[in-house]
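**Student:** got a predicted model here, sequence first, then my questions.
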Amino acid sequence: MKRILVMTAVEAEKEAFLRGVRGDSRFDVHEAGVGPVSAAVSTAMVLSSSAFEYDLVVSAGIGGGFVGQADIGSIVIASESIAADLGAETPEGFTGVDKLGFGTNRLPVEEKLSSRWVEALKADGQAVRYGPVLTLSTVTGTAETAALLAERIPGAAAEAMEGYGVAEAASRRGVPFVEIRAISNAVGPRDRAAWRIGDALAALETASYHLLEAISS
Ligand SMILES: O=C(O)c1cccc(C(=O)CC[C@H]2O[C@@H](n3cnc4c(=O)[nH]cnc43)[C@H](O)[C@@H]2O)c1
């Protein structure tokens with residue numbers, strides 16, 4: 001693999017990723033900003049202006065883990081990226097754009113690489129989960145919303161705010177996509193005191209190191 005574009009929301013995530021890949025020159029890491037729109041626009045701008053042809057686009061950062069799926073400090077590698085609030089509120093509950101007939105709110109990942117990444121992390125004894133990662137414009141802040149999301153998307157492992165935007169931009173250019181989330185908090189009642197951002201950034205650094213192994217195997 002010759003050239004990999006990595007999009008993080010903020011600088012702290014970018015720095016953690018760069019530490020993990022030991023400055024490997026195949027990686028271009030950019031800050032995308034917080035949220036799906038900023039992430040999509042930033043990714044599209046890099047892809048359209050870069051002198052490089054990228055072999056892979058990665059959305060990397062911290063995220064919330066669904067209780068029972070991904071503990072704080074663990075890693076989630078996305079099995080798919082889901083725009084979980086892209087749709088309509090109806091009397092029967094949320095209906096996604098796919099069911100409304102307006103396209104899709106699920107985008108695929110590069111599965112072989114994602115699986116190799118999971119195996120490399122497991123071989124190193126890291127806590128890792130392979131499952132759907134939700135992209136939302138609003139951070140879940142109640143147990144009720146967390147339960148609704150988990151019911152609507154069985155197996156949902158993590159939520160964040162950028163992955164689907166990055167995936168959409170990559171998809172438009174036909175570039176394979178993967179997403180990694182290092183878990184900083186539990187999805188549910190808002191409790192900023194419970195965040196473990198430092199632990200999540202350390203996990204993100206470790207995980208990015210194992211991406212080196214996954215792309216080489
Ligand atoms: O103010 C709060 O209660 C709160 C709780 C969790 C996350 C936030 C953020 O503003 C984080 C935004 C930033 O970090 C990613 N992230 C991390 N945890 C989550 C989450 O549980 N749900 C969604 N995004 C999360 C996200 O990708 C952003 O880049 C505030």
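**Tutor:** Sure, I can see it. Every value quoted in this text rests on a predicted model; they were computed, and no experiment measured them.
**Student:** wait, Pro36 sits on Gly165?
**Tutor:** Yes - Pro36 lies in contact with Gly165 (CB atoms under 8 Å); the separation is 3.7 Å. Every residue, glycine included, has its C-beta placed from N, CA and C.
**Student:** show me the common contact partners of the two, please.
**Tutor:** Residues touching both Pro36 and Gly165 by CB atoms under 8 Å, 6 or more residues apart in numbering: Thr135.
**Student:** between those two, which one's more packed in?
**Tutor:** Relative neighbour count places Gly165 above the other of Pro36 and Gly165, with 27 against 24, counting by other CB atoms under 10 Å.
**Student:** where's the more buried one relative to Val34, distance?
**Tutor:** From Gly165 over to Val34 the distance is 10 Å, taken as CB to CB, to the nearest Å.
**Student:** try Leu100
**Tutor:** Taking CB to CB, one finds Leu100 at 27 Å from Val34.
**Student:** now Ala12
**Tutor:** 12 Å.
**Student:** now do Val187
**Tutor:** Distance check for Val187 against Val34: by CB to CB, it reads 17 Å.
**Student:** and those two? Which one has more around it.
**Tutor:** Between Val187 and Val34, Val187 has the larger neighbour count (other CB under 10 Å), namely 27 against 16.
**Student:** so that one versus the ligand, what's the distance?
**Tutor:** 5 Å (CB to the nearest ligand atom, to the nearest Å).
**Student:** Gly163 too?
**Tutor:** Using CB to the nearest ligand atom, Gly163 is found at 8 Å from the ligand.
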